[in-house]
Structures are given as C-alpha cells and as structure tokens.
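Enquirer: when you get a sec, could you give me coordinates for this:
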Amino acid sequence: MKTKLLFTLLLVSAFGFSQSFSNIPTGSGIYFNKVIISPNGPDLTNELIEIRGTANAVIPNDLWLVVVEGDPNAGNYGKVTDAMNIGDGTRTFGANGIFAIVCNYTDENTAVVTTNPYESLMHADANVLVIELTGNDVTGGSNSNTSTQTPDIGYDGNFADATGSFMLISATDPDGAVIDADLDGNIDATGDHTSWTLYDSVAFMDDDLESGGIERAYAQIVFAQENSTIGASQSVTAGATLIDFPFNTDAHIIIRQGASTGYTINDWAIGDTSGDSPNWELDSDTLPAAFEDWAGINTVYGALNPTAATLSTESLEINDFKIYPNPAKDYITIESNVQISSVQVHDILGKKVISQNEITNNRLDVSSLNNGVYFIKVNANGNTITKKIIIE
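Expert: Numbers count the residues shown, from 1 in each chain. Purely as a prediction, here's the structure:
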C-alpha cells in the first residue's frame with residue numbers, strides 16, 4: 001500500500017493533476033468574453049468575437065476558436081466546421097485582457113467598403129484584430145460571398161451558427177477534426193481532440209430538428225432552445241451543464257458575465273438581438289432575467305460585461321422617475337433623474353407600437369393607441385425600466 005501511495009504521489013508531483021471535459025483535457029486562463037453570431041443585418045461585418053486572457057500576454061500560437069456542427073442534416077455533423085487560428089506569436093491580449101476580432105468588407109464589383117460598427121466603440125485598452133474581407137455581396141449569408149480574408153486566420157466573417165458548439169482550444173490545426181464519429185452524442189474517447197487543451201466552451205442548440213435527427217451539443221455549458229418541450233430530440237455530451245432556453249427564437253449574443261470562469265446560469269448571459277448594430281439590445285427572449293431588454297452592450301465593447309447583480313444594482317439609479325397619468329389618454333409625462341436615451345411602447349403581444357429616441361418636454365404622445373394595456377420601456381444610462389400603462 002505504501003509503495004502504491006508513494007508512486008501515486010510521485011506521479012502527481014511530476015505531472016500535476018490532470019483534468020478533462022468529456023475526453024478533452026482542460027486548461028484555464030483564456031475565456032470567451034462576447035460572441036455575436038449572425039445578428040440582424042449583414043453577418044459579414046456585424047459579427048463580433050471577444051476573448052479574455054491575461055493582460056498584455058502574448059496569445060499562444062496554437063490557440064484556436066473552433067465550432068463543432070450539431071445539426072443532424074449537416075454533412076459535418078459531429079465535426080469541426082470552423083477553425084480560427086487566434087495566435088500568431090505577436091498578437092497579444094489588451095491591457096485589460098481583451099482581444100477582439102471584427103471584419104470590414106470591400107465589394108469586388110463596386111469597391112464600396114462596409115466598415116464594422118464596433119471598432120470605433122472599443123475600449124481603449126482592448127486589442128482589436130481587423131480582418132479585411134473582399135467579396136461579391138456584403139449582405140450575403142454564404143461562404144461564397146467572401147473571396148479573400150486579410151489576415152487569413154480561417155474566419156470569413158460568417159460564423160456557423162445554431163446548432164453549434166464554440167470552443168477555445170490549444171491544438172495543431174483542428175480544422176475538420178471529428179469528435180463524435182459514432183454520433184452517439186458524446187465526445188469520443190479517441191481522436192485528435194484528446195491531445196487538445198480546452199480553455200472554454202459554450203453552445204446554443206436550436207429546435208429545428210432537421211431531417212428528424214437529434215440536435216447535439218458538445219460544450220461545457222449548453223443553452224438548448226425549448227428543451228423542456230423537445231428535450232428528447234436534443235442531446236448534450238457527458239459532463240455538460242444543460243440550460244433550457246425557453247424561447248421560440250435563436251440566440252445571437254452570448255457573453256460571459258463580468259470576470260466569471262464557470263458554467264452556470266450565473267456565469268453567462270444569452271439572448272436574441274433587437275435593434276441595429278452596434279446598438280444591440282437583448283430583448284425579452286434572454287437569460288438570465290436581469291439582462292432582459294439590456295441596451296448597454298454598446299458601452300462595453302472591448303471590456304468586461306456586467307453581471308446580473310450589477311445590472312440589478314445599476315437599475316436602482318434610474319428608478320427615481322415618474323410616469324403619469326396612468327391611465328392615460330393623449331399624453332404620458334416621463335420625469336427622470338437621468339438622461340433618457342429612448343422610449344418604446346409594446347402592446348400585450350409584444351409588438352412595438354411606439355419607438356422614440358427623444359422626448360420633447362418629457363411628454364410622449366400616445367393618442368394613436370387604442371384603449372388597452374401596454375408596456376412602456378424607458379432606456380437610460382444603458383439600463384431599462386419597464387412599466388405597465390393603461391390607455392383609455
């Protein structure tokens with residue numbers, strides 16, 4: 001017994017404790033910060049990737065961002081379909097630990113340049129890699145719409161989206177790697193992926209159920225659309241945290257909360273995009289609830305995201321406002337202790353019936369609305385307050 005114990009201790013001393021996630025060895029220190037995938041408008045300039053690491057540190061040469069396909073009707077089911085080589089030996093994380101990737105696009109036929117909407121809003125301490133794309137149609141949604149990428153890191157501005165598992169890994173050219181050869185929903189015990197180091201992963205699994213097959217995800221945390229209803233047609237790999245995304249919409253923004261490193265609902269926020277870039281708003285189809293209707297993402301590009309707790313605290317700063325009269329007929333007066341950036345009114349079905357960026361004399365004209373119950377959403381300082389109003 002003593003001999004076995006001594007041998008075990010020697011192994012631990014020599015090699016350290018080995019950890020893995022579903023047959024992939026894991027590491028720490030590099031994490032997703034933001035991923036904006038296929039939002040409204042042209043993907044080719046509106047997608048955004050932000051990765052968090054050690055401030056000013058050189059990004060490892062072998063750091064890759066990969067996407068594993070999980071749609072059953074795809075030819076690459078269970079394989080790496082997108083592989084982006086993040087490090088080149090010279091790129092570094094910013095002074096605040098953030099490294100961002102954005103794309104500009106030049107039309108080959110017209111020479112018109114479409115510039116990404118994020119770079120000008122980036123935090124000064126973040127490092128930003130701008131990829132210059134060329135192609136035949138900036139509004140296209142196909143890989144064929146991009147001809148060249150400079151620098152060519154394996155990213156054409158159009159990420160594979162749902163159902164997809166996003167992974168940050170250390171590897172040797174993982175493009176095309178098969179991690180689920182038998183398509184049983186678990187990551188295989190053999191294959192090139194067993195030599196990777198997995199730093200971070202997150203997945204969104206949709207409810208398309210294409211070809212009658214099973215939607216599969218392979219990340220450490222998986223947000224599964226309408227899982228409580230169709231869970232039998234969705235599968236996550238062993239060891240994953242499964243979160244029901246109980247909305248009939250795809251998620252287009254996935255962020256880590258603050259400096260989190262875990263895989264619970266308290267570590268991430270995910271939702272659908274409303275509005276236009278770069279002033280995205282996480283709409284009501286969002287988890288966790290504190291991020292619903294959050295319109296402040298344009299204030300944290302290239303920086304850490306808020307947490308649910310800080311959003312709840314910050315919202316207290318703008319709740320010293322008044323909305324009257326209620327019930328109302330022609331006008332509603334809105335008084336606030338901070339500058340109001342916009343106001344929207346939705347009917348009970350969620351349809352936006354009024355949207356206004358400026359409020360003259362603190363009065364909102366509601367005379368065009370039919371009698372009934374509505375919800376008024378006031379945006380200020382990147383926070384949102386929603387109140388029920390009655391029009392009579």
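Enquirer: OK, contacts around Pro151?
Expert: Residues in contact with Pro151 (C-beta atoms under 8 Å, 6 or more residues apart in numbering) are 88, 129, 131. Where you see a C-beta, it was placed from the backbone N, CA and C, and this is true even at glycine.
Enquirer: and those residues as TSV, adding secondary structure and pLDDT?
Expert: TSV is the format used below for these (DSSP: H, G, I helix; E, B strand; the rest coil; pLDDT from 0 to 100):
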residue	secondary structure	pLDDT
Asp88	coil	95
Leu129	strand	98
Ile131	strand	98
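Enquirer: for these, which single residue is the most surrounded?
Expert: Taking other C-beta atoms under 10 Å as the neighbour criterion, Ile131 ranks highest of the contacts of Pro151 with 21 neighbours.
Enquirer: residues in contact with that one?
Expert: 101-104, 149-151, 153, 155, 157.
Enquirer: again, but for Val138
Expert: Contacts of Val138 by C-beta under 8 Å, 6+ apart are 42, 44-45, 105, 107, 112, 114, 145.
Enquirer: phi, psi for it please.
Expert: Torsion angles at Val138 (phi, psi; degrees, to the nearest 10) stand at phi -70, psi -20.
Enquirer: follow-up on the earlier one: now tabulate the contacts of Val138 in a markdown table and tack on secondary structure.
Expert: Converted to a markdown table, these look like this (DSSP: H, G, I helix; E, B strand; the rest coil):
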| residue | secondary structure |
| --- | --- |
| Pro42 | coil |
| Leu44 | helix |
| Thr45 | helix |
| Tyr105 | strand |
| Asp107 | strand |
| Val112 | coil |
| Thr114 | strand |
| Asn145 | helix |
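Enquirer: put the buried members of those into a ChimeraX selection.
Expert: Here is the ChimeraX command that selects the buried residues among the contacts of Val138 (16 or more other C-beta atoms under 10 Å):
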select :42,44,45,105,107,114,145
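Enquirer: taking the contacts of Val138 together, which two end up most distant?
Expert: Checked with C-beta to C-beta, those reach their widest spread between Val112 and Asn145, with 13.9 Å between them.
Enquirer: break this protein into its domains for me.
Expert: Using automatic domain parsing, the domain parsing of the chain gives 19-314, 319-391.
Enquirer: burial count for the nearest residue to Val113 once chain neighbours are set aside?
Expert: Closest residue in space to Val113, ignoring its immediate chain neighbours: Thr106 at 5.0 Å, by C-beta to C-beta, 6 or more residues apart in numbering. Around Thr106 there are 17 other residues, counting by other C-beta under 10 Å.
Enquirer: element containing Thr106?
Expert: strand 98-107 (DSSP states H and E).
Enquirer: could you pull out the helices for the stretch 101-250 of the chain?
Expert: 227-230 (DSSP state H, counting those that start in this stretch).
Enquirer: contacting residues around Asn76?
Expert: Contacts of Asn76 by C-beta under 8 Å, 6+ apart are 69, 176.
Enquirer: secondary structure element for it, which one?
Expert: With DSSP H and E as criterion, Asn76 is part of no helix or strand.
Enquirer: got the phi and psi for it?
Expert: According to degrees, to the nearest 10, Asn76 has phi -100, psi 30.
Enquirer: how about Gly302?
Expert: Dihedral angles for Gly302 - degrees, to the nearest 10 - are phi 70, psi 20.
Enquirer: report the separation between it and Ala290.
Expert: Here the criterion is C-beta to C-beta, to the nearest Å. By it, Gly302 lies 22 Å from Ala290.
Enquirer: these two: which is more packed in?
Expert: Between Gly302 and Ala290, counted using other C-beta under 10 Å, the more crowded position is Gly302 (23 against 18).
Enquirer: that one contacts Glu119, correct?
Expert: No: the pair Gly302 / Glu119 is not scored as a contact, 9.0 Å apart, by C-beta atoms under 8 Å.
Enquirer: joint contacts of the two?
Expert: With C-beta under 8 Å, 6+ apart as the test, Gly302 and Glu119 both reach Val128.
Enquirer: show me where pLDDT drops low in the stretch 151-300 of the chain?
Expert: Residues of the stretch 151-300 of the chain meeting the criterion pLDDT under 70: 211.
Enquirer: check the contacts of Ile131 and tell me the two furthest apart.
Expert: Asn104 and Ile153 (14.5 Å).
Enquirer: pull the number of nearby residues for Ala251.
Expert: Neighbours around Ala251, by other C-beta under 10 Å: 26.
Enquirer: touching, it and Gly271? I think so.
Expert: Yes: with contact defined as C-beta under 8 Å, Ala251 and Gly271 form a contacting pair (5.9 Å).
Enquirer: which residues do those two both contact?
Expert: Shared contacts of Ala251 and Gly271, counting by C-beta under 8 Å, 6+ apart, come down to Asp285.
Enquirer: rewinding a little: from the contacts of Pro151, pick the one nearest Asp267.
Expert: Of these, the one sitting nearest to Asp267 (C-beta to C-beta) turns out to be Leu129, at 25.4 Å.
Enquirer: next up, the contacts around the closest one.
Expert: Here Leu129 is in contact with 91, 99-102, 151, 153 (C-beta under 8 Å, 6+ apart).
Enquirer: on that earlier part again, point out the most buried one among the domains of the chain.
Expert: Mean neighbour count (mean count of other C-beta atoms under 10 Å) peaks for domain 19-314 among those, with a mean of 19.
Enquirer: the nearest residue to Gly78 once chain neighbours are set aside and Thr237, how far apart?
Expert: Leaving out its chain neighbours, the residue that sits closest to Gly78 by C-beta to C-beta, 6+ apart is Asp180, at 3.5 Å. Distance, Asp180 to Thr237, by C-beta to C-beta: 8 Å.
Enquirer: which residues do those two both contact?
Expert: 186-187, 216, 218.
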